[in-house]
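>>> got a predicted structure plus its sequence, pasted below:
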Amino acid sequence: MSNQKSFGELLAFHRSQFGISQEELAEISGVSKIQIARYEKNKAKPRRKAIEKLAKALKITLEDLGYRSLSQEKELTVEFSHDTYDALEKEAKKAGLSVEEFSSKLLAMAITEEWEKIKNK
């Protein structure tokens, strides 16, 4: 039997520590009162965006709610030649993005295209 508390238990605990009702948390976080009640009763599993909103509203970390932060997740490191980096930097500037943001979008597009090819075989 696990001693680890559920998301719902952790949410209810931190909300009570913060001294606010479900309704007040809903107003602050932008997550509906009904959804908060469902989370606290473990009747629904929250999406990451909701977890982030609730943590921010309660002034706690994702870890406090039992989730890893994005910085703790595995990172993919890709090395580019100087010419490739320069080309990426130029295109990123045109798009109004950082090289990292632009590279992430390109990678996501490439993965999506390859996935579609695999699915359609």
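That came through, no problem.
>>> can you point out the buried residues in the one helix or strand in the chain whose mean pLDDT sits lowest?
Using mean pLDDT, DSSP states H and E, helix 99-119 stands out as the lowest-scoring helix or strand of the chain, at a mean of 82. Neighbour-count burial for helix 99-119, counted by 16 or more other Cβ atoms under 10 Å, picks out Val99, Phe102, Ser103. C-beta here means a position set from N, CA and C on the backbone, and glycine is covered the same way.
>>> and the contacts of stretch 23-38?
11, 15, 18, 20, 22, 44, 46, 50, 53-54, 56-58 (Cβ atoms under 8 Å, 6 or more residues apart in numbering).
>>> just the buried residues of those.
Leu11, Arg15, Ile20, Gln22, Ala44, Pro46, Ala50, Lys53, Leu54, Ala57, Leu58.
>>> dump those to TSV, plus distance to Ser81 and secondary structure.
Shown next, in TSV, are the buried ones among the contacts of stretch 23-38 (distance: Cβ to Cβ, whole Å; DSSP: H, G, I helix; E, B strand; the rest coil):
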residue	distance to Ser81	secondary structure
Leu11	47	helix
Arg15	51	helix
Ile20	53	coil
Gln22	54	helix
Ala44	48	coil
Pro46	42	coil
Ala50	41	helix
Lys53	41	helix
Leu54	43	helix
Ala57	45	helix
Leu58	46	helix
